[in-house]
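1. Requesting a structural model of the entry that follows:
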Amino acid sequence: MSRGRGRRYQEPKLNMKKVFAVILAIIVVIMFIFVIRALLTKDNSQGKIVSKDYAVAFKDNKWGVIDQEGNILIDPSYSEMIVIPNSKKEVFLCTYDVDYNSGEYKTKALNSKNEEIFTEYDKVEAIQNIDKNSNIWYEDNVLKVEKDKKYGLINLSGKELLPCEYDEITTIEGIKNALKVSKNGLYGIVDDEGKIILKTEYSDITNLGKESKDGFIIKSNDGKFGVVNYSGELVLDAIYDEVLKVYENDLYVVSKSGKQVLVKNDGTEVLKSGFDEISSILKNQENGVIFKSNNKYGVMKTTGEIQIRAKYDELKEAKSGILIAKENNKYGIIDLKEDTKVEFKYNTIDYNESANLYIAEDENFNNDIIDDEYSVKLSGILVDLDSEKDYIELRQNDEYKYYNFKFQEKNVGDIFTSNTLFLSKKDGKYGFVDKSGNVVVDYIYDDATEQNSYGYAGIKKDGKWGSIDNNGKVVQEPTYNLDDYLKIDFIGRWHYGKDINMNYYNQQ
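-> Numbering: from 1, shown residues only. All right, here's what the predicted structure looks like:
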């Protein structure tokens, strides 16, 4: 009789699909944790900013690069300013061997280890532009490259976006994501990913509005002007002597035989007399246009009827039917019936569309914040208005206060949620407290700034500026005289440069 091997219990059989699924899930979770940890901008245990950021440094009349803690990555040794197109990407563009007589120069791109990258190109350059206030900015994920006297585009990882086959690549002033390219004397438009928006078939191209999506004014080979949209479709035939950057509701201001005309996109002429020029088209088509006559401004309906006679020194539409006007050298707000909504007593008035409020400056350079019912809700010196974070920062009685767009006062900790220190004032002196209100830095400073995104704050004592870190430790004793500086900001011992348009940090 044969005997079999007995077992006291039946061993379970492993479901290998489930095992692999569990292992895979664990791996994904681990990877997710590491990714999140790498992306965190703040170490919660120490309150230290750890996100990678890079800034241009200036010392002893030479240019270099520092990181978010003030460590030198590229020694300040270059005579020309180094360009960092994207502060979170380690791509630093250096210009050297400049011949100011011939205009010839060389470029190279470096990483944070001071290694040269993108060496397959003869030149690598950032694509520089300026905004309406003449502030310099760069396209942040695209570079212009040159090879064999031709130009193309790469991204900041070195991927080719557009081959080096163009005679030139330039920007259109103030317009993002629309680069003007030329080939054989003709122009086209490409976006930041190298996608062709308009083929190179026009004598010239410029922007119609404030964004690329608004379309473009094109010049034909016979010298006439028209309009195309962002998809390259013809909107207004190229038959005009000029197309002005004035449009709304499918209406355009053009020039024919030296005279401005208001036309529809099908070419129908709507208005062609009764004005010297048309400065803008009102948002509601029935309301017509703002026109100029004898150097004064008024409102005319599209029928030609005068709604507001030309008597104002300036006139611009804030929102539909509401106008900011200037009379007797002061600004106020009126409607289309000329009812005064805000008295004519301000040096300037601006409308912020995203916040739906008006910012007015009085003769003492203080600001009134006015709501959409034309009541003054807040007063002080406007320091900042951030549409993304929904706050207004005002300096009131030498204190910085924060409000949301409903004009409710907010705790600074509700605004800057990642900060570890918060500016506080007591008995005329400044110090810093933590989120619970505990004093971390004593009230010994004459002035100070809030902690910035790098974790540093400026401190002023006896007329000189220095800095503290995220723990309140003095990094730079107050030794810098920054009276002539428009912006006080620090990265470690480096302070923001005098020319705010250049965006660099200096160490004296």
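2. Return the backbone torsion pair for residue 213.
-> Per-residue torsions, residue 213: phi -70, psi -10 (degrees, to the nearest 10).
3. in what helix or strand does the residue positioned nearest the centre of the chain lie?
-> What sits nearest the mean C-alpha location of the chain, by Cα atoms, centre = their mean, is residue 137, with 7.7 Å. Using DSSP states H and E, residue 137 maps to strand 136-147.
4. Now do that strand, average pLDDT.
-> Averaging the model's pLDDT scores along strand 136-147 yields 95.
5. Could you do stretch 53-70 as well?
-> Computed over stretch 53-70, the average pLDDT equals 97.
6. Could the C-alpha coordinates of that stretch be exported in CSV?
-> C-alpha atoms of stretch 53-70 as CSV (Å, rounded to 0.1, in the frame of the first residue of the first chain):
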residue,chain,number,x,y,z
ASP,A,53,15.7,79.0,-8.6
TYR,A,54,18.4,80.9,-10.4
ALA,A,55,19.2,84.6,-10.6
VAL,A,56,21.7,86.9,-12.3
ALA,A,57,24.4,88.2,-10.0
PHE,A,58,26.5,91.4,-10.3
LYS,A,59,29.7,92.0,-8.4
ASP,A,60,32.8,94.1,-9.1
ASN,A,61,31.3,95.1,-12.5
LYS,A,62,31.1,91.5,-13.6
TRP,A,63,28.1,89.2,-14.2
GLY,A,64,27.5,85.6,-12.9
VAL,A,65,24.7,83.4,-11.6
ILE,A,66,23.5,82.5,-8.0
ASP,A,67,21.0,80.0,-6.8
GLN,A,68,18.0,80.6,-4.5
GLU,A,69,20.3,80.6,-1.4
GLY,A,70,22.8,83.0,-2.7
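7. The host helix or strand of residue 360 pairs with which strands, and in what direction?
-> Here residue 360, judged by DSSP H and E, is contained in strand 357-361. With DSSP bridges as the test, strand 357-361 is paired with strand 348-352 (antiparallel), strand 367-370 (antiparallel).
8. so who does residue 417 touch?
-> Neighbouring residues of residue 417 by Cβ atoms under 8 Å, 6 or more residues apart in numbering: there are none. All C-beta spots, glycine's among them, are computed from the backbone N, C-alpha and C.
9. how close does it get to residue 468?
-> As for residue 417, its distance to residue 468 is 20 Å (criterion: Cβ to Cβ, to the nearest Å).
10. swap in residue 59?
-> 21 Å.
11. got the buried residues for the regular element (helix or strand) spanning residue 324?
-> Here residue 324 sits within strand 322-327, counting by DSSP H and E. Neighbour-count burial for strand 322-327, with 16 or more other Cβ atoms under 10 Å as criterion, is recorded at 322, 323, 324, 325, 326.
12. which of the residues you listed lies closest to residue 76?
-> residue 324 (46.1 Å; Cβ to Cβ).
13. So what sits opposite the closest one in the bridge?
-> Taking DSSP bridges as the rule, residue 324 bridges to residue 316, residue 333.
14. isn't it right up against residue 340?
-> No: here residue 324 lies out of contact with residue 340, judged by Cβ atoms under 8 Å, at a distance of 11.9 Å.
15. quick one: common contacting residues for the two?
-> 332, 333.
16. What is the burial count for the closest residue to residue 336 other than its chain neighbours?
-> Distances taken as Cβ to Cβ, 6 or more residues apart in numbering place residue 321 nearest to residue 336, at 5.2 Å, with adjacent residues excluded. Using other Cβ atoms under 10 Å, residue 321 has 14 other residues around it.
17. cool, residue 504 as well?
-> Neighbours of residue 504 under the rule other Cβ under 10 Å: 21.
18. check contacts around residue 473.
-> With Cβ under 8 Å, 6+ apart, residue 473 has no contacts at all.
19. Tell me the confidence at it?
-> So residue 473 comes in at 98 (pLDDT).
20. so how far is residue 328 from it?
-> Note on residue 473: its distance to residue 328, by Cβ to Cβ, is 55 Å.
21. Which strands or helices does the strand holding residue 324 pack on?
-> Packing partners of strand 322-327 (3 or more Cβ pairs under 8 Å, 6 or more residues apart in numbering; DSSP states H and E): strand 306-312, strand 314-319, strand 330-335, strand 340-346, strand 348-352.
22. And the second one, what's buried?
-> Counting neighbours by 16+ other Cβ under 10 Å, one finds that the buried residues in strand 314-319 are 315, 316, 317, 318.
23. Check the burial of residue 388 by counting its neighbours.
-> So residue 388, with other Cβ under 10 Å, has 6 neighbours.
24. List phi and psi for it.
-> As for residue 388, its main-chain torsions (degrees, to the nearest 10) stand at phi -70, psi -40.
25. For it, list the residues it contacts.
-> For residue 388, the contact set (Cβ under 8 Å, 6+ apart) is empty.
26. Let's see the pLDDT reported for it.
-> For residue 388, the model assigns a pLDDT of 89.
27. Show the pLDDT at residue 287.
-> Reported pLDDT for residue 287: 77.
28. Now do it: how many residues are near it, please.
-> Residue 287: 19 neighbours (other Cβ under 10 Å).
29. show me what contacts it?
-> Contact partners of residue 287, counting by Cβ under 8 Å, 6+ apart, are 299, 301, 307, 320, 321, 336.
30. Can you give me the distance of the fourth one to residue 499?
-> If you measure residue 320 against residue 499 using Cβ to Cβ, the figure is 39 Å.
31. Also residue 63?
-> 13 Å.
32. same check, this time on residue 124
-> Residue 124 is 25 Å from residue 499, by Cβ to Cβ.
33. secondary structure class for the residue nearest to the residue nearest to the centre of the chain when sequence neighbours are not counted?
-> Closest residue to residue 137 apart from its sequence neighbours, by Cβ to Cβ, 6+ apart: residue 129 at 5.6 Å. Per DSSP: H, G, I helix; E, B strand; the rest coil, the local secondary structure of residue 129 is strand.
34. Tell me who's in contact with residue 129.
-> By Cβ under 8 Å, 6+ apart, the contact set of residue 129 is 136, 137, 138, 139, 171, 173, 174, 175, 176.
35. With residue 410 instead?
-> 391, 402, 403, 404.
36. Export the residues you listed to TSV and append columns for secondary structure.
-> What follows is those, written out as TSV (three-state DSSP):
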residue	secondary structure
391	strand
402	strand
403	strand
404	coil
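37. out of these, which is most surrounded?
-> Most neighbours among the contacts of residue 410, by other Cβ under 10 Å: residue 402, with 22 neighbours.
38. Without its sequence neighbours, what residue ends up closest to it?
-> Per Cβ to Cβ, 6+ apart, closest to residue 402 is residue 410, 4.6 Å.
39. Check residue 378 too.
-> residue 369 (4.0 Å).
40. Run through the bridge partners of residue 63.
-> residue 58, residue 78.
41. OK, contacts around it?
-> Per Cβ under 8 Å, 6+ apart, neighbours of residue 63: 56, 57, 76, 77, 78, 79, 80, 81, 82, 504.
42. what's next to the helix or strand just after the strand holding residue 137, contact-wise?
-> Sequence order places strand 150-154 as the next helix or strand after strand 136-147, per DSSP H and E. Residues outside strand 150-154 that contact it (Cβ under 8 Å, 6+ apart): 118, 121, 124, 142-145, 160-169, 179, 181, 190, 194.
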